[in-house]
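Visitor: output the structure for:
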Amino acid sequence: MLRCLLFIRSSARIAAACALVSAILLLAVSSTGAQNRRVPLPILARILQLEDERDLGSGELIRLLADRRPEVRQRAALALGRIGDKRAIAALQESLRQDAKDSVRLLSAFALGEIEDPSSVDVLLAALDRPDESIAV
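Guide: Numbers count the residues shown, from 1 in each chain. Just a heads-up that it's a prediction; the model follows:
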């Protein structure tokens, strides 16, 4: 996971942080089954459809990152990462920086890692350095 950081073959700190974050994110992703049960069925069905089709739904999936329910935002972030469309990067970076819920920020970080775009490296490293962040090292 977080392969976007691995292409930077620089410091040992980055490699160690990447490994730690990957383990934490895998735990977060594995616990999303319980979260799916809290996402309203029509919304979950739509997210799964878009994910299966590898389609952002004319921005519909990105807009779900701003939903009032953290479970919806969490599931949308995971779907965006699995789809891997670079058009979701800015919204995922904003979610990682600003979302009030740790679980949403964790899945936003995971999604950015799945997309593997170099523009996300600074945002991901900044999240690691935040003292209040659940993924800080």
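Visitor: just for this structure, where's the confidence low?
Guide: The model of the chain has pLDDT under 70 over residues 1-37, 132-137.
Visitor: tell me where it has helices.
Guide: Along the chain, counting by DSSP state H, helices occupy 3-6, 12-30, 32-36, 41-53, 60-63, 70-83, 89-98, 102-115, 121-129.
Visitor: for the nearest residue to residue 66 once chain neighbours are set aside, give me its contacts.
Guide: Spatially, and ignoring its direct neighbours in sequence, residue 66 is nearest to residue 73 (7.4 Å; C-beta to C-beta, 6 or more residues apart in numbering). Every C-beta, even on glycine, is put in place using the N, C-alpha and C of the backbone. Residues near residue 73 by C-beta atoms under 8 Å, 6 or more residues apart in numbering: 64-67, 95, 99, 101, 104.
Visitor: and those residues, which two are furthest apart?
Guide: Greatest spacing in the contacts of residue 73, by C-beta to C-beta: 64 and 101 (14.0 Å).
Visitor: separate out the buried members of the contacts of residue 73.
Guide: 64-65, 67, 95, 99, 101, 104 (16 or more other C-beta atoms under 10 Å).
Visitor: and for stretch 38-49, what's in contact with it?
Guide: Under C-beta under 8 Å, 6+ apart, the answer for stretch 38-49 is 36, 57, 60-61, 64, 67, 69, 71-72, 75-76, 79.
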